[in-house]
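Student: Build me a model from this:
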Amino acid sequence: MVEITALQKYAIELAIIVILIIGIAQFRSPAGARRGNFTAAVALGLAIVFVLVTNDVHDWWIIAPAFVVGAAIGWLVAVRVNMIQIPALVALQHGMGGVAALLVSYVELTRTSAELTPIGTVSGYVGLIVGSATFAGSMIAAGKLANRLKQQPTVYKRHNTILLLIIAAGVALTVGAVLTGGLAQQVLLLGLVVLSLALGVVFAIRIGGADMPVLISFLNATAGLAAAFVGVVIESTLLIAAGATVASSGSILTWVMCVGMNRSLLNVLIGQKKTKGGPGGAKPAAASGQESPDQPASQPAADDPRSRALAALDGAGSVIVVPGYGMAQAHAAGEV
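Tutor: Have a look, this model is predicted:
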């Protein structure tokens, strides 16, 4: 273990976070995004090395093969995925962040040598719940984006009631796990993981394919949030800062996407398809097909721009799709 002073430790961690933020800041343009990805990857690589060399790590015979296997899997997946499949891959990556958070939280909450503070205990349970729900929701999002699941919203009977019952049961299991220990606590925690996974599935399944970009950025934020809470559990300021950075950037991206799609975040998350009011106070329905309470989606007003668009499409003999700049730069025009 490398011995450094507290001031040196915080200075190095601050430098790593600054590099990460510089990388994220470059995502605003296609040219900068490539550099930004590389910069952020360097920051995360430095963070991993820093954690390993400043802690008393002995089991290199486990860590080294894990690095090799993980890097090999990541490389193989990356080279086989085309640009059209990138959204599904991003959703999958958010899920991996969620499952990492739930595993670390579970270990820290159950190992007998742990003496967590009250804040650490609460953070552990939050990390476990949010990480599990993020993982399950990300798998649903990835399945829909990869056309493995139907992209139309799946709404169960009394959907909101089911969500509330899952949350109530999760609270009960959390209280029980806090008040117990040993094998009973482990069983209750496993039950809480199962409920949290169900929460993620039920939450994400009713969001349609048209709203997947918002869901993905939202899950990006929750994955960062889970990581930040895990950082509290293991008392790592570096992980707290990195997780909070991802959570904040994901939240901003979610808001920007909602504005760009003329949708409110609440309507996306609760499965409503009505958009926010358009020009002149009109409230057009979203492209998902669900009718607006104010006006059926199939019968827009005569002066609605959608009327002219529908009339033009109805009378068209052929339709030409022109890929945008991003698709052209990604050499995905053929796929489009």
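
Student: so where's the stretch 201-336 of the chain shaky on pLDDT?
Tutor: Flagging of the stretch 201-336 of the chain using pLDDT under 70 yields the residue ranges 271-303, 325-326, 329-330, 336.

Student: switch to 50 and redo it
Tutor: Across the stretch 201-336 of the chain, the ranges flagged by pLDDT under 50 are 275-297.

Student: where does G317 land in three-state SS?
Tutor: For G317, the assignment made with DSSP: H, G, I helix; E, B strand; the rest coil gives coil.

Student: helix, strand or coil for the residue lying closest to L109 once chain neighbours are set aside?
Tutor: Excluding the flanking residues, the one nearest L109 by C-beta to C-beta, 6 or more residues apart in numbering is G124, at 4.6 Å. To be clear about C-beta, it is placed using only N, CA and C from the backbone, and glycine gets the same treatment. Of the three states, G124 takes helix under three-state DSSP.

Student: so what's G124 up against?
Tutor: Residues in contact with G124 (C-beta atoms under 8 Å, 6 or more residues apart in numbering) are 105, 108-109, 116, 229-230, 233.

Student: which SSE is the most centrally placed residue in the chain in?
Tutor: The chain has L219 as the residue nearest its centroid, 2.1 Å off, counting by C-alpha atoms, centre = their mean. Assessed by DSSP states H and E, L219 sits inside helix 212-233.

Student: how far does that helix sit from the chain's center?
Tutor: Relative to its chain's centre, helix 212-233 lies at 5 Å (C-alpha atoms, centre = their mean, to the nearest Å).

Student: For it, enumerate the helices and strands it packs against.
Tutor: helix 86-110, helix 118-145, helix 237-260, helix 265-269 (3 or more C-beta pairs under 8 Å, 6 or more residues apart in numbering; DSSP states H and E).

Student: highest average neighbour count across those helices?
Tutor: Most buried of the helices and strands packed on helix 212-233 by mean neighbour count (mean count of other C-beta atoms under 10 Å) is helix 118-145; its value is a mean of 24.

Student: residues near I48, how many?
Tutor: Other residues near I48 come to 11 when the count uses other C-beta atoms under 10 Å.

Student: That one belongs to a strand, doesn't it?
Tutor: No - remark: I48 does not belong to a strand; assigned using three-state DSSP, it is helix.

Student: Check what pLDDT the nearest residue to L173 once chain neighbours are set aside gets.
Tutor: Spatial nearest neighbour of L173, excluding adjacent residues (C-beta to C-beta, 6+ apart): L192 at 4.4 Å. Per-residue pLDDT puts L192 at 95.

Student: Spit out the contact partners of L192.
Tutor: 125, 128-129, 132, 170, 173-174, 177.

Student: Closest one of these to I86?
Tutor: For those, the residue nearest I86 by C-beta to C-beta is S132; the value is 24.9 Å.

Student: Identify the residues contacting the residue nearest to that closest one when sequence neighbours are not counted.
Tutor: The shortest distance from S132 to any non-neighbouring residue, by C-beta to C-beta, 6+ apart, is to S196 (3.4 Å). Counting by C-beta under 8 Å, 6+ apart, S196 makes contact with 102, 128-133, 136, 170.

Student: How about H331?
Tutor: H331 neighbours (C-beta under 8 Å, 6+ apart): M83.

Student: now swap in G209 and tell me
Tutor: 144-145, 151-152.

Student: will you turn these into TSV that also has distance to R80 and pLDDT?
Tutor: TSV is the format used below for those (distance: C-beta to C-beta, whole Å; pLDDT from 0 to 100):
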residue	distance to R80	pLDDT
K144	20	90
L145	16	87
Q151	22	83
Q152	28	85
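
Student: farthest pair in these?
Tutor: L145 and Q152 (13.4 Å).

Student: Which one of the contacts of G124 is nearest to A184?
Tutor: Among those, L109 lies closest to A184 (C-beta to C-beta), at 12.9 Å.
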